[in-house]
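A.B. asks: Sequence and computational prediction follow.
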Amino acid sequence: MSVMQVERIQGEYSEPEIIDLEDGCLVRIHEEDISEDGVKALSKLLAEQAKRWEPRPAGSHLGPIIPVRWIVSDLPAPFVIGVEDSPASITYTVDSSVLKHRAAVRLGRLGTALSPRWHRVPEGCLEGQTRSTS
């Protein structure tokens, strides 16, 4: 299973970035764009997402582009983040107290650009028993 990390960075403003790691991704978001609680919520959600998606095997062809959207909204308590995940698209909805709109737009573009490198794990597969869909 892939490891998904979220880091809240300080200092001079920089746009969010997603860095591919050997065993997952590191999502770096400036402190102006994400709350401390947002880091925890996003880390937990992305860890769950990593159970459904994994990097394509080395040497395989790139897959289709999967649109990834991040919507910032005022969610009813106690909800702060949610996801609608399908083989055709991923839509994250995040409470405005957690993430700024500008970060959401950037994360959507980055996620969409990285999507051909990932594939959805077939339902029913156990961890470590996935099949290539290349």
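C.D. replies: Cool, the structure landed.

A.B. asks: chain center to stretch 11-19: distance?
C.D. replies: 15 Å (CA atoms, centre = their mean, to the nearest Å).

A.B. asks: buried ones in it?
C.D. replies: If you call a residue buried by 16 or more other CB atoms under 10 Å, then stretch 11-19 has these buried ones: 16, 18. Yep, even glycine has a C-beta here, placed from its N, CA and C like the rest.

A.B. asks: looking only at pLDDT, what's the mean for it?
C.D. replies: For stretch 11-19, mean pLDDT is 96.

A.B. asks: for this structure, what spans make up the helices?
C.D. replies: 36-49, 101-114 (DSSP state H).

A.B. asks: Any chance of CSV for these, columns mean pLDDT and mean neighbour count?
C.D. replies: Converted to CSV, the helices of the chain look like this (pLDDT from 0 to 100; neighbours: other CB atoms under 10 Å):
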stretch, mean pLDDT, mean neighbour count
helix 36-49, 91, 17
helix 101-114, 96, 18
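
A.B. asks: Looking at the ones you listed, which is nearest to Ala77?
C.D. replies: helix 36-49 (12.7 Å; CB to CB).

A.B. asks: what residues does that closest one touch?
C.D. replies: 3-8, 25, 27, 29, 34, 80-83, 85, 90, 92, 94, 97-99 (CB atoms under 8 Å, 6 or more residues apart in numbering).
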